[in-house]
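*Asks:* here's a sequence, model it:
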Amino acid sequence: MDKSKLSFMALIVVSFMLIVYFGYNNYQEKKQLEHERLELTNKIEQLQQTIARNNQIIADNEQSKRQLENESTERQEQINEQLKNNDCANQFVPNAVSNSLYNRAKNLRQSTDTSKSIK
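*Replies:* Below is the predicted model:
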């Protein structure tokens, strides 16, 4: 064999080895990417489940809040009805007492007001 045929064969062998090498690396990278994709998919599913649980908790809390507000309104109406027939209800309340009660009620309402964003 002459040198040109030998060089050509060596070139073919080297080319084949490079193709196998890059093909194997591509295969390994593809396997790694598939593994990472499955991990990310699992994490996304877990996050979606967490979001669903949190949304359910929020909905339950909102329902409880509405129920408590309704109960509070009913109780206030009952108190108002009872006070209509009470002689003490028509008597003067000292300013210090009324202001104290007003501020206390105001603070309670502000602390439970969720419509305002917390800063």
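
*Asks:* report how many residues lie close to E34.
*Replies:* E34 has 10 neighbours, counted by other CB atoms under 10 Å. Quick note: C-beta positions are derived from backbone N, CA and C, even for glycine.

*Asks:* where does it sit: helix, strand or coil?
*Replies:* Under the three-state scheme (DSSP: H, G, I helix; E, B strand; the rest coil), E34 adopts helix.

*Asks:* three-state assignment of the residue nearest the centre of the chain?
*Replies:* Centroid-nearest residue in the chain: I51, 5.2 Å away (criterion: CA atoms, centre = their mean). Using three-state DSSP, the structure places I51 in helix.

*Asks:* from here on, call the first residue 15.
*Replies:* Sure, I'll start numbering at 15, so the last one becomes I65.

*Asks:* local confidence estimate at it?
*Replies:* At I65, the pLDDT value in this model is 98.

*Asks:* low-confidence ranges, this protein, go.
*Replies:* Scanning the chain for pLDDT under 70 picks out 15, 103-104, 126-133.
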